[in-house]
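>>> show me the folded form of this:
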Amino acid sequence: MRLLLSTAIAAALAASVALPAAPALAAHHEESVQSESERLNAWFDAKYEENLQFSPISLAYLGRKEKYDELDDVSLAAQDEQLAWYEATLAEMESSFDYAQLDPQTQLSWDLWKYDVERRVAGKQWRHHEYIFNQMQGIHTYIPTFMINIHRVDSAADMDAYIARIGQIDGLLGELVGQARTNAAMGVRPPYFAYDTVKKEAIGLITGAPFGEGEDTALWADGKAKIAGLVEKGEISEVDAVQYEARLRDALLKGYKPGYDKLIAFMTEDEPNAPKVATGVGTYLPDGQAYYAYQLAGYTTTALTAEQVHQIGLDEIARLRAEMEKVKQQVGFEGDLQAFFKHVETDPGNFYPDTDAGRQAYIDDATAALDNIETVLPQYFGLLPKAELVVKRVEPFREQDGAAQHYQSGTPDGARPGVYYAHLSDMTAMPKNQLEVIAYHEGLPGHHMQIAIAQELEGIPIFRTQYGLSAYSEGWGLYAEALAKEMPGTYQDPYSELGRLTSETWRAIRLVLDTGLHSKGWTEQQAIEFFQANSPEPLESIRSEVRRYIVWPGQATSYKMGMLKIQELRAKAEAALGEQFDIREFHDVILGGGALPMPLLEKQVDHWIAAKHQHH
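So this is what the prediction gives:
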């Protein structure tokens, strides 16, 4: 059963904090506020639906099958068209509705829509500063992942659409290779390591059948399995299946492989021009410092400078190191903190066997930790997710040694579960003492909790149930790691508590390294050495992390900055409400409005505090 905001909380969130008026005037005002709010919310839903039509991929993620035979248009012309649409919606909203006549929740929706459009408009000047193909975000691995996991095939028409999409991948990759070429000519290239990884991944995706000898490639195996599934269900005949396989093979050879060939050719040709010493965007991109300031503002949703964020990181590392010292004393380790890190990093007992059995044990233990959390969630939340959560290993074609674990959301109707994905190709990069903290961050009470609840929310415009902001979602994920410590049955072993502190320190280190790399000119090697001095993370994980920060400027700051803000808002509410403070209500306020920039999240909490005072 879907659990929604309790009546009391909903009333508190929606309550006006205006001064009391005469009864008739108050009733008239309330009626007009309700009417204007309903009118704007209907407009938001209509605009959200219009916007969805720009992205067939987004429709499929929502479990919908309109435009099922299309991929997104990623051309610059399409980007301009969509940006013009956004600008027009903001002008229409501001001229057609009265902000003063809206209830607080609808004012938040207005503020969020305006914030989003203004960010997009400001971002146009940085369009050519992106590293289109890199080891973190390349569409070259995203599209096969999407086709395998998101494009469901329930009928012959769905298989027709699947084959049509495969046939369009050459065009999509060709367009993006052209954009990457333009960016490179402007001096915007990722560092050397991105070229190596992208080429290796692209070659892997077209090595094997049906392109040559060897095992079936990922999409060929997936497509054949989906065709076989249709035969099994009686949707198509064996004869039809043979024809479908022939069409799929043709699409892969003519509409898929040429795109990867273009990508490999470009990356090979341009690689000699790539920076040999990896550093941040502020050092060698045109207007790199201004671009980084834009990125930092977007990922923290604050106006803090790189220097301020850098200092917050240093302060947090110092605080967390003191906590780690306590754990070191608790386990009776003799030696300094650096020696303790080395001990944890090299202790064979801290790792699962690098075997299939070891990998399964990791998945089983992570699942057990999440099952424990699930039993106590009602003590901390009124809102609970309807969607299920499963733990899975990353598919071989995109698995990377030491890469960070991640979460993929399910569908709003719960038909597809949320997935916590773990990279398990190198078990020496998956220490046991960090198993719990990662599961809590990616699963419960972290990303799955937040994203599933957002998708299932009622009473707010649909766009807010699907909106994503890194400071909010990653801030929640990191807050969830600390929140789990308040729950029974977690972090029982001191080394697991060290794992939690290591994870939080890792996010504090990110503040220092992201700003160091992109604003202060630090090199990849300097960043690795700073990381090693402050964390027991394995070197393979550290290198993977630092390279992630280099190609994704600003994103790494969102975790700690978001967490600190949520903790600050909780402390503010506890101080303001005293005995009236209810942890479940607070969490429902944080999660019950969907993703918000930090200033708007604070506004949401302030409304709740004011309403609690008013009703007391």
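>>> could you use CA atoms for every contact and neighbour count after this?
Fine.
>>> run the chain-centre distance for stretch 157-167.
Centroid separation for stretch 157-167 versus its chain: 28 Å, with Cα atoms, centre = their mean, to the nearest Å.
>>> listing request: residues of the stretch 51-200 of the chain with sub-threshold pLDDT.
Scanning the stretch 51-200 of the chain for pLDDT under 70 picks out nothing.
>>> what about 90?
Where the stretch 51-200 of the chain drops to pLDDT under 90, the residues are 137-138.
>>> so where do the helices sit in it?
Assignment of helices within the stretch 51-200 of the chain using DSSP state H, counting those that start in this stretch yields the ranges 56-61, 76-96, 104-123, 139-149, 156-185, 192-205.
>>> of those helices, which is nearest His28?
helix 104-123 (17.2 Å; Cα to Cα).
>>> contact partners of stretch 442-452?
In this structure, residues lying in contact with stretch 442-452 by Cα atoms under 8 Å, 6 or more residues apart in numbering are 370, 373-374, 377, 384-387, 389, 405-407, 409-410, 412, 418, 420, 440-441, 473-474, 476-481, 483-484, 591.
>>> how far away is the closest residue to Tyr68 other than its chain neighbours from Pro353?
Nearest non-adjacent residue to Tyr68, counting by Cα to Cα, 6 or more residues apart in numbering: Ala161, 5.7 Å away. The gap separating Ala161 from Pro353 is 42 Å, by Cα to Cα, to the nearest Å.
>>> give me the more crowded residue out of the two.
Per other Cα atoms under 10 Å, whichever of Ala161 and Pro353 has more neighbours is Ala161, with 19 against 16.
>>> how far away is the more buried one from Asp588?
Taken as Cα to Cα, the span from Ala161 to Asp588 is 40 Å.
>>> ok, now Val437?
To Asp588, Val437 is 22 Å away according to Cα to Cα.
>>> neighbour count winner among those two?
Set Val437 next to Asp588 and count neighbours by other Cα under 10 Å: Val437 wins out with 30 against 22.
>>> ranges for the strands of the stretch 401-550 of the chain?
Under the criterion DSSP state E, counting those that start in this stretch, the stretch 401-550 of the chain carries strands at the ranges 406-408, 418-422.
>>> can you list the strands that the first one pairs with?
Listed by DSSP bridges, the sheet partners of strand 406-408 and their directions read strand 418-422 (antiparallel).
>>> what mean pLDDT does the partner strand have?
For strand 418-422, mean pLDDT rounds to 95.
>>> same deal with stretch 394-408?
85.
>>> ok, and what's touching it?
So stretch 394-408 is contacted by 141, 201, 204-205, 218, 418-426, 429-430, 438, 442-443, 447-448, 540-541, 544-545 (Cα under 8 Å, 6+ apart).
>>> that stretch: end-to-end distance?
OK, stretch 394-408 end separation, Cα to Cα: 11 Å.
>>> now it: buried residues?
Val394, Arg398, Glu399, Gln400, Asp401, Gly402, Ala403, Ala404, Gln405, His406, Tyr407, Gln408 (16 or more other Cα atoms under 10 Å).
>>> got the contact list for the most centrally placed residue in the chain?
Closest to where the C-alpha atoms of the chain average out (Cα atoms, centre = their mean) is Ser470, at 6.4 Å. Contacts for Ser470 (Cα under 8 Å, 6+ apart) come out as Tyr299, Thr300, Gln555, Ser558, Tyr559.
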